[in-house]
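Q: After the sequence you'll find the predicted model.
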Amino acid sequence: MSLYNAFRNALEEGAPIPDENWSTIRPLLKLRHYKKGEYIIREGEVENYLSAVAVGCLRYFIVKGEEEISYEFAFENELSSSYASLLSRAPSRLYIEAMEDVSLVSIHYDSLQELYEESAIGERIGRLTTENYYIYREERELMLLTMTPEELYLDLISHYPIYVNRIPQKYLATYLHVKPESLSRIKRRIYGNK
């Protein structure tokens, strides 16, 4: 299977893309490779790509004082970008880092704008991507406001077991808005009862 299919798979979360439309999109894509620990984007840089992860895992984070707070993660066949920066053309307020060796399939902002203007599928991709991201963000924010850290962890292992297997505990803890030692206690309570 081609690495480029990661982009198609990520977009098709919203709706299938007919082959004739994919043949318009495919030539606009490029592969980008990063080693573990390299940054895809840093705070203050303008995001120029909408990408899909073909191989590896990414971590989104912000720096508050001297602490890194994990904001999000992206795995294979998931879209990745500093969306606010990409859409507004303003500097990013977050970092995106390769947590493993990563291959991204990316479309440049300029090509994306051409696709939006020149084809119905481009507009559809833009709309569905934005709608799906908005729904996900709202659900995540509501969970953080209404669930305890233990409930958040249980939801995470239920819906996204890949997070527990591939993300170091220190990053997972900040994603759940707890200290690493609190996450250790939560895990002991959960697994101690089974």
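A: It's in.
Q: only C-alpha atoms for contact and neighbour calcs from this point on.
A: Noted.
Q: Under the pLDDT cut-off, which ranges of this protein? List them.
A: Scanning the chain for pLDDT under 70 picks out 1, 14, 193-194.
Q: Mind telling me which residue is nearest the centre of it?
A: Ala74 (3.5 Å; C-alpha atoms, centre = their mean).
Q: What count of nearby residues applies to the closest residue to that residue other than its chain neighbours?
A: Nearest in space to Ala74, with sequence neighbours left out and distances taken as C-alpha to C-alpha, 6 or more residues apart in numbering, is Leu58 at 5.1 Å. Per other C-alpha atoms under 10 Å, the neighbour tally for Leu58 reads 26.
Q: The chain: helices as residue ranges?
A: 5-11, 19-25, 83-88, 109-118, 120-146, 149-159, 161-166, 169-175, 180-192 (DSSP state H).
Q: what's the fourth one packed up against?
A: On a contact count with 3 or more C-alpha pairs under 8 Å, 6 or more residues apart in numbering; DSSP states H and E, helix 109-118 meets helix 120-146.
Q: if we can go back for a sec, can you tell me how far the residue nearest to Ala74 sits from Ala52?
A: In this structure, Leu58 and Ala52 are 11 Å apart, going by C-alpha to C-alpha, to the nearest Å.
Q: and what of Leu11?
A: Counting by C-alpha to C-alpha - Leu11 and Ala52 are separated by 9 Å.
Q: shared neighbours, these two?
A: Residues touching both Leu11 and Ala52 (C-alpha atoms under 8 Å, 6 or more residues apart in numbering): Leu79.
Q: Compare those two and say which is more crowded by neighbours.
A: Legend: neighbour count by other C-alpha under 10 Å for Leu11 and Ala52, higher for Ala52 (29 against 21).
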